[in-house]
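Undergrad: Here's my sequence, what's the structure:
(one chain, ligands or ions: 1)
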Amino acid sequence: MNTFTVRGKEIYIGDHKVQDLAEKYGTPTYVYNEDRIRENFRRAYKAFSSHYPDFKFFYAVKACNNPAIVSILKQEGAGIDAASVNEIKLAKQVGLGGENVMFSGNFLSDDDIRQGLESGVIFNLDDISILPRVLKYSKPDILSFRVNPGYGKSNVGEFVTNAGPKAKFGIHPDKVTEAYRLAKEAGIRRFGVHMMPGSCLLEPEYFAFVTNLLMEIIGKTARELKIEFEFIDIGGGLGIPYRSSEQPLDLDKTAELVAKTFKDAVIKYGMTPPRLMMEPARYFVGDAAVVIGKVHSIKHSYSKIIGTDIGMNILVRPAMYGSYHNILFDKRIDDETEVCGLCGQLCENTDFWAKEREFPKTIQEGDLMIATEAGAYGFGMSYQYNGRLRAAEVLVNGKESYLIRSRETFDDMIRNTSVPEYLRN
Ligand SMILES: Cc1ncc(COP(=O)(O)O)c(C=O)c1O
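TA: Numbers count the residues shown, from 1 in each chain. Have a look, this model is predicted:
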């Protein structure tokens, strides 16, 4: 099931007309298609578990942390990858804890460490320097380190490359054995290992390549320290196409290549086969949502610019990473196009979807539009600049639609602020 379909000239999300959703919930609104999320999860799980049965997914909630969306993935069998104590709390709120949650924060404060330990989830340390600080509080039952295998890749802009020499994440390969040695000497007995290989990767061979890098690093560590890794988490990064020119990731090939690389290394280093884990996010939710917006104003100045209520505060990826999202206009499908600009309403000149792109010539004020593939790193990165408040979130399931987050209000904007007495006259 596709997240949206075009019937005649009208856009539908699942069984719902965009026009009906906009009338019911207003704009801008994120709309998630539950069937698509479930399908994405099942397709990926089937691919990996059929090549390596002792396999588990942890959903990285940073991509979309709405509890309704997290609950869908929990029902499908995912654990949770949490980047902060609040994301651990979110996991607990939807009923996941213990070894179903992996805490992979970076540059942690003492408070993060203390609360992370108290929560009883799997602790995944981003650096060797954090270990003594953890041990000051207590000794985790099971511990993992995030390894930076020295190589990273991103198909959504270089700023999203989260491994390799220029990334801020993970332990240098030369320090990995030392990190586990210190942990073992401190009395920790159960170990896992983790990496994050990159973002939005569409090449199966790349996953096998980085898995091999990781296995070579930790195979030696396992042999030298005589430790058994209970799990090896090869991170997220399963990509989705954002442009029509991109091909979807061949999941079965990815799983087959990764499982083979993994099993070969397990044999080579004489390891007891560990659980294979991954923590994707974009793959599950990225193409399962759109943002519905409205054209409010069209101006002809030095060029023609169409102004919408989906600004970079609502979906920041294009302004932040130069990412691409497809944009469709309801009832203008297949109309003749012209090159013009499309922007949001913020007082920043980076607030553009495109400065020059082909859009229908027929677009009018009041038209509805959707930005596609908006489910990952969309709402979660939105903010309130210029008093343009965060969007509503809606879940569609068959003929039903549910408001899963209300649109922000002025009261939300000023909540937690206070004006000292002497400024009040
Ligand atoms: C530690 C970690 N795991 C998983 C993910 C999810 O990545 P993706 O959405 O590319 O699958 C991220 C994303 O940044 C991450 O930082």
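Undergrad: Tell me who's in contact with the residue nearest the centre of the chain.
TA: Among the residues of the chain, residue 63 comes closest to the average C-alpha position under CA atoms, centre = their mean, at 2.8 Å. By CB atoms under 8 Å, 6 or more residues apart in numbering, residue 63 lies in contact with 281-282, 284-286, 375-377, 380. Quick note: C-beta positions are derived from backbone N, CA and C, even for glycine.
Undergrad: Among those, which lie within helices?
TA: Counted as lying in helices by DSSP state H, out of the contacts of residue 63, are 282, 284-285.
Undergrad: Nearest to the ligand: which residue in the stretch 201-350 of the chain?
TA: residue 236 (2.5 Å; CB to the nearest ligand atom).
Undergrad: Ok, the stretch 301-425 of the chain next?
TA: Counting by CB to the nearest ligand atom, the stretch 301-425 of the chain gets nearest the ligand through residue 376, at 5.7 Å.
Undergrad: Next one: that residue from residue 16, what distance?
TA: According to CB to CB, to the nearest Å, residue 376 and residue 16 sit 21 Å apart.
Undergrad: Settle it for me: which of those two has more neighbours?
TA: Neighbour comparison, residue 376 and residue 16: the larger count goes to residue 376, with 27 against 20 (by other CB atoms under 10 Å).
Undergrad: got the contact list for that one?
TA: Residue 376 touches 63-64, 281-282, 285-286, counting by CB under 8 Å, 6+ apart.
Undergrad: what do you get for residue 155?
TA: 199-202, 239, 246.
Undergrad: Can you select the buried ones among the residues you listed for me in ChimeraX?
TA: To isolate the buried members of those in ChimeraX, using 16 or more other CB atoms under 10 Å:
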select :199,200,201,202,239
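Undergrad: Pop the domain breakdown of the protein in here.
TA: According to automatic domain parsing, the chain comprises the domains 4-32+287-414, 34-285.
Undergrad: where does this structure have low pLDDT?
TA: Across the chain, the ranges flagged by pLDDT under 70 are 158-160.
Undergrad: For it, what lies in contact range of the ligand?
TA: Neighbours of the ligand within the chain, by CB under 6 Å from any ligand atom: 60, 62-63, 81, 104, 162, 196, 199, 235-238, 279-283, 376.
Undergrad: Of the residues you listed, which belong to strands?
TA: In this view, the residues of the chain next to the ligand that belong to strands under DSSP state E are 60, 81, 199.
Undergrad: top helix in this protein by residue count?
TA: Longest helix of the chain, by residue count under DSSP H: helix 204-225.
Undergrad: contacts for the helix or strand just after it?
TA: Remark: after helix 204-225, the chain's next helix or strand is strand 229-233, criterion DSSP states H and E. By CB under 8 Å, 6+ apart, the surrounding residues in contact with strand 229-233 are 56, 58, 102, 124, 142, 144, 190-195, 214-215, 218, 222, 262, 271, 274-279.
Undergrad: What count of nearby residues applies to residue 9?
TA: The number of residues packed near residue 9 is 12, by other CB under 10 Å.
Undergrad: again, but for residue 306
TA: Number of residues near residue 306 (other CB under 10 Å) recorded here: 24.
Undergrad: which residues touch the closest residue to the ligand within the stretch 51-200 of the chain?
TA: As assessed by CB to the nearest ligand atom, the ligand sits closest to residue 60 within the stretch 51-200 of the chain, at 3.5 Å. By CB under 8 Å, 6+ apart, the residues touching residue 60 are 80-81, 83, 236, 279-281.
Undergrad: With neighbour count added, can I get these in JSON lines?
TA: Formatted as JSON lines, these follow (neighbours: other CB atoms under 10 Å):
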{"residue": "80", "neighbour count": "27"}
{"residue": "81", "neighbour count": "30"}
{"residue": "83", "neighbour count": "16"}
{"residue": "236", "neighbour count": "28"}
{"residue": "279", "neighbour count": "26"}
{"residue": "280", "neighbour count": "24"}
{"residue": "281", "neighbour count": "24"}
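Undergrad: Let's have the residues you listed in TSV, adding distance to residue 47.
TA: What follows is these, written out as TSV (distance: CB to CB, whole Å):
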residue	distance to residue 47
80	21
81	19
83	26
236	15
279	16
280	12
281	17
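Undergrad: Now do the strands in the stretch 51-200 of the chain.
TA: Secondary structure of the stretch 51-200 of the chain by DSSP state E, counting those that start in this stretch: the strands cover 55-60, 79-82, 101-103, 122-125, 142-146, 153-154, 190-194, 198-199.
Undergrad: Just name the most buried of these.
TA: Using mean count of other CB atoms under 10 Å, the stretch among those with the largest mean neighbour count is strand 79-82, at a mean of 28.
Undergrad: Can you show me the CA trace of that strand as PDB?
TA: Extracted C-alpha coordinates of strand 79-82, given in PDB (Å, rounded to 0.1, in the frame of the first residue of the first chain):
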ATOM      1  CA  GLY A  79      12.600  -2.500  20.600                       C
ATOM      2  CA  ILE A  80      13.600   1.100  20.900                       C
ATOM      3  CA  ASP A  81      16.800   3.000  20.300                       C
ATOM      4  CA  ALA A  82      16.800   6.000  22.600                       C
END
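Undergrad: Can you tell me what sits against that strand?
TA: 56-62, 70, 74, 87-88, 90-91, 96, 99-105, 121, 236, 279, 281.
Undergrad: Same question for stretch 380-393.
TA: Taking CB under 8 Å, 6+ apart as the rule, stretch 380-393 contacts 25-32, 62-66, 68, 291, 309, 311, 313-317, 320, 344-348, 379, 403-410, 412-413.
Undergrad: Grab the nearest non-local neighbour of the residue nearest to the centre of the chain.
TA: Nearest non-adjacent residue to residue 63, counting by CB to CB, 6 or more residues apart in numbering: residue 281, 3.3 Å away.
Undergrad: In contact with that neighbour, which residues are there?
TA: Contacts of residue 281 (CB under 8 Å, 6+ apart): 59-64, 81, 236, 376.
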